[in-house]
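> Provide a 3D model corresponding to the input given below.
(chains A and B)
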2 protein chains.
Amino acid sequence: MSELGLTVKKSEDFSEWYTQVILKSGLVDYAPIKGCIIFRELAYAIWEKIQEIFNEKIKRTGHRNVYFPLFIPESLLKKEAEHFSGFVPEVAWVTMGGDEVLEEKLAIRPTSETIICATYAKWIKSWRDLPVKLNQWCSVVRWDTKGTKPFIRTREFLWQEGHTAHETKEEADREVMEILNEYKDLIENYLAIPVLAGRKSESEKFAGALYTTTLEAIMPDGKALQMATSHNLGQNFSKVFEIKFMGRDGKEHYVWQTSWGFSTRLIGAMVMVHGDDKGLILPPRIAPTQVVIIPIPSKDMEIEKIIEKAKSIQGKLSASGISTILDDRLEYTPGWKYNHWELRGIPLRIEIGSMEIKKEQITIARRDTYERITVKEEEIVEAIKKLLEEIQRNLYNRAKKFLEEKITRVENYEEFKKILSEKGGFIKASWCGNRECEEKIKEETGATIRLIPFEREEPFSKCIYCGKEAKEVAYFAKSY
Amino acid sequence: MSELGLTVKKSEDFSEWYTQVILKSGLVDYAPIKGCIIFRELAYAIWEKIQEIFNEKIKRTGHRNVYFPLFIPESLLKKEAEHFSGFVPEVAWVTMGGDEVLEEKLAIRPTSETIICATYAKWIKSWRDLPVKLNQWCSVVRWDTKGTKPFIRTREFLWQEGHTAHETKEEADREVMEILNEYKDLIENYLAIPVLAGRKSESEKFAGALYTTTLEAIMPDGKALQMATSHNLGQNFSKVFEIKFMGRDGKEHYVWQTSWGFSTRLIGAMVMVHGDDKGLILPPRIAPTQVVIIPIPSKDMEIEKIIEKAKSIQGKLSASGISTILDDRLEYTPGWKYNHWELRGIPLRIEIGSMEIKKEQITIARRDTYERITVKEEEIVEAIKKLLEEIQRNLYNRAKKFLEEKITRVENYEEFKKILSEKGGFIKASWCGNRECEEKIKEETGATIRLIPFEREEPFSKCIYCGKEAKEVAYFAKSY
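This is a model prediction of the structure:
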């Protein structure tokens, strides 16, 4: 069984490199339905890790998981007009059950605000019923006609969607930010991807929201990628769906709502940001397997003895909570195994041969730097733990450095266009705040406002497009 | 906020009792789509527990989780004729994406054999690629036209479906039984529901399978409920989908496959089997919360002091891995809280008042027997652990006793019909093995063969329907 590594360099053909990495590492495969993918063992194990981390966070803060139906009747989806017009072009419709044509067609959920709001209207009667803080893990469908890219844009994807209801706007505001901060922690401290945080412009916000907050990362090709969003829905949905409660003041009020989500897109981001010409590099805190142990056959020692030592090392590491795999297959050479596991991104490799056993030492190879380290056998657990932390930090730091290099401040539109075409990345530009300028810039350059920072930055010039008074500084970029 | 308990007794109107329990305990709610339900916090937390237990089991035995698309193109679903004709009457079809009519309509997966087989054909080339042992957790849709019942029969439900491929029939046989035994352990030792195990008759087996094994439980109304099934698919699918591998003998072979699943129906079974006139009773090993602690206000002690003690007890229990909730809301009376938590099935209640504090003792109430026990405060952790085990055992034992009482052996058809209408339950009857008799019995009585025991039982008479030579003893019952 031969196995081919990557045939292109990340720096030379990024798009082809990405496709090769995700297919050859066994993260995904194409499905026999256009625009859909199969999440294979490795991708799904990463998703389970992400679920575990995020579940712990949201349960600690009083959220609970639930599951609402896959189907949303057309009439329900239509209720909030802005929301409906935002999603209807990409809805997949069920029109038949068995041989029968349905009386009303059913949308496969593109997101669940409407069905959840219809239900909240039944559940919420009094301020005592608030807050309601629910989340669900499910798949959603958006019948995108644009080009699809595994993880990044597919017709079906996995995600979590949180939906909360509160007594006051302030409480909803706090929820939006609490979740955005949890997202930031997950993405920066586990996935090792640095992000910029801010709010979306009016034209880029979630269809039906009061405002949207976002985390944006930069990919190696200079395009921005939206990582997660957290919306304050205000009372837009509660007024349409009549989600009213008797307040502490004895009067009826509409609830204030939030919704927030991230998807399996995060896995795609992780591939793009950390991977190299040999394949995936998984951050140790997310890697389903952190260490691969490879016995090295040798003429001066029986292989059984080497494997026995490898097993004893594995036992020690497992007992310390380090996830390991021992590749003791005899039909493959060590070199083949190195390539095999490098392609799959395992952070550390341990090599054990007769020399290691005689000297009572272990050779460790880092996936991120290819550095080889020799440690005394008795120090193996501590050394591995330290190295895993170092890799985690190193991956974050080099991505952070790249992000910082990819933020450019411009003074005028000429400069904007030049930077965009030559360097890419985020471009900080002064903006008058008008949708017209934003749209013209998008039309002419393909760049959109990715975010407006939470802490208002003082504009350093007039609006780069219309030349009128600038209201704020926005971060523009081309994006996935 | 008033809260109504159950208004019917389980023994008087079982169906109405079931509906009230699942709605009032907050397990589920009806969705705004016919035949679909909302899995609320409690039901979903139970499902998460089940997932955790079963994931541990299958991962230990080398299975891995994956996720295949929701959509199956009609042409793919049609490939295995028997399978298709079994599922097509209840398929929900997507025919439109946005405004466009799709070229080929897409089934919402009723089960995933076909899309998985089409993929296995790509992945499996050599005996070295075998076995493949994958599982997925997802929702499936069956557009049932019969009456729906939350958990038991709904148009969308959550389940796991395992799909494996092997070199030989023997290996597939072993897999089928290994999984059936894991199911039995989950259902009997965690959900505390005793089951009968056996194989299905030809007419009751999974559409497209070689044979189907099943676990069947009895509900309090005497109807059987299929809890989980594990199928040997033989080479039926591999021949249709061309899943071939180069064998150890250098020749090409078709793989042998299995598939197996259980669904959220298990939660409904647990409600039916264990619940009583006060509501749910959750087995301790499945209960998301095992102990509720209720401070009892008293005239001779400040409530703060009582709550403080309650918190200290909660801390001790949590530290020992016991999941607890402290209900220290002041706006509700202890009596109201007792009803509230009894309805929700929490196995144990701890009451702490001034008397308990003064005497350094704790009062514990069992949900299953309503027995009240007083223990010394210092012995609380051990006492709770012991009681949780006792409740787990007691729930199983009383269900086991009921199951045994509900198995009746009959000698002839008259007796069969009499037992079926008067007593219900499983009826052991001699059967000639012909589909015609099975179908006639079903038509005339509504009872089907639920299983044929693995260990052949010697028939005790001629076939109860046709009077010809009996080949085996089958367990008949009316079922959900």
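
> Do you know the pLDDT at residue A:362?
The model reports residue A:362 with a pLDDT of 95.

> Residue A:7 now?
At residue A:7, pLDDT is 95.

> Can you name the residues that contact it?
Residues in contact with residue A:7, defined by C-beta atoms under 8 Å, 6 or more residues apart in numbering or on different chains, are residue A:20. The C-beta positions use only the backbone N, C-alpha and C, and glycine is treated the same way.

> ok, the residue of the stretch 251-400 of chain A at minimum distance from chain B to residue B:252 distance?
Scanning the stretch 251-400 of chain A for the residue nearest chain B gives residue A:331, at 7.9 Å (criterion: C-beta to the nearest C-beta). Note on residue A:331: its distance to residue B:252, by C-beta to C-beta, to the nearest Å, is 21 Å.

> Mind giving me the packing neighbours of the helix or strand where residue A:476 lies?
Assigned by DSSP states H and E, residue A:476 belongs to strand A:472-477. Here strand A:472-477 touches strand A:211-218, strand A:426-431, strand A:448-453, going by 3 or more C-beta pairs under 8 Å, 6 or more residues apart in numbering or on different chains; DSSP states H and E.

> Report all helices and strands that the biggest helix by length in chain A contacts.
Longest helix of chain A, by residue count under DSSP state H: helix A:380-405. Helices and strands touching helix A:380-405, by 3+ C-beta pairs under 8 Å, 6+ apart, are strand A:211-218, helix A:265-274, helix A:303-319, strand A:348-352, strand A:361-366, strand A:372-376.

> go with 7 Å
Packing partners of helix A:380-405 (3 or more C-beta pairs under 7 Å, 6 or more residues apart in numbering or on different chains; DSSP states H and E): helix A:303-319, strand A:348-352, strand A:361-366.

> ok and that helix relative to strand A:348-352, angle-wise?
150 degrees (axes from the mean of the first three to the mean of the last three C-alpha atoms, to 10 degrees).

> so after helix A:380-405, what's the next helix or strand?
Using DSSP H and E, the helix or strand that follows helix A:380-405 towards the C-terminus is strand A:407-409.

> buried set for the next helix or strand after that following strand?
Using DSSP H and E, the helix or strand that follows strand A:407-409 in sequence is helix A:413-422. Using 16 or more other C-beta atoms under 10 Å in any protein chain shown as the test for burial, helix A:413-422 gives A:413, A:416-417, A:419-420.

> With just CA atoms, put the lowest-mean-pLDDT helix or strand in chain A into PDB.
Lowest mean confidence among the helices and strands of chain A (mean pLDDT, DSSP states H and E): helix A:81-87, at a mean of 86. The C-alpha coordinates for helix A:81-87 follow below in PDB (Å, rounded to 0.1, in the frame of the first residue of the first chain):
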ATOM      1  CA  ALA A  81     -39.300  39.500   6.800                       C
ATOM      2  CA  GLU A  82     -35.700  40.600   7.000                       C
ATOM      3  CA  HIS A  83     -34.600  37.200   8.200                       C
ATOM      4  CA  PHE A  84     -36.600  35.400   5.600                       C
ATOM      5  CA  SER A  85     -35.300  37.400   2.700                       C
ATOM      6  CA  GLY A  86     -31.700  36.900   4.000                       C
ATOM      7  CA  PHE A  87     -32.100  33.100   4.000                       C
END
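
> wait, what's in contact with the residue of the stretch 151-300 of chain A at minimum distance from chain B?
Of all residues in the stretch 151-300 of chain A, the one sitting closest to chain B is residue A:156 (5.6 Å; C-beta to the nearest C-beta). By C-beta atoms under 7 Å, 6 or more residues apart in numbering or on different chains, the residues touching residue A:156 are A:36, A:139, A:141, B:69-70.

> Just put the helices and strands packed on helix A:380-405 in CSV and tack on distance to residue A:436 and mean neighbour count.
Output for these, formatted as CSV (distance: least, C-beta to C-beta, whole Å; neighbours: other C-beta atoms under 10 Å in any protein chain shown):
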stretch, distance to residue A:436, mean neighbour count
helix A:303-319, 60, 16
strand A:348-352, 53, 23
strand A:361-366, 51, 19
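
> Residue A:407 is nearest to which of the helices and strands packed on strand A:472-477?
Between residue A:407 and the helices and strands packed on strand A:472-477, the shortest gap by C-beta to C-beta is with strand A:426-431, which sits at 4.7 Å.

> Residues contacting that closest one, please?
For strand A:426-431, contacts defined as C-beta under 7 Å, 6+ apart pick out A:196, A:218, A:224, A:406-410, A:416, A:419-420, A:437, A:447, A:450, A:459-464, A:470-477.

> switch to 8 Å and redo it
Contacts of strand A:426-431 (C-beta under 8 Å, 6+ apart): A:196, A:216, A:218, A:224, A:406-410, A:416, A:419-420, A:437-438, A:447, A:449-450, A:457, A:459-465, A:470-477.

> So residue A:370 belongs to a helix, correct?
No - with DSSP: H, G, I helix; E, B strand; the rest coil as the criterion, residue A:370 is coil rather than part of a helix.

> near chain B, which residues of the stretch 151-300 of chain A?
Proximity of the stretch 151-300 of chain A to chain B is confined to A:156, A:158 under the rule C-beta under 8 Å from any C-beta of the partner chain.

> can you give me the helices for the stretch 151-300 of chain A?
A:169-185, A:236-241, A:265-274 (DSSP state H, counting those that start in this stretch).

> With mean neighbour count and mean pLDDT as added columns, please give those in JSON lines.
Listed next are the helices of the stretch 151-300 of chain A as JSON lines, based on neighbours: other C-beta atoms under 10 Å in any protein chain shown; pLDDT from 0 to 100:
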{"stretch": "helix A:169-185", "mean neighbour count": "19", "mean pLDDT": "98"}
{"stretch": "helix A:236-241", "mean neighbour count": "21", "mean pLDDT": "96"}
{"stretch": "helix A:265-274", "mean neighbour count": "25", "mean pLDDT": "98"}
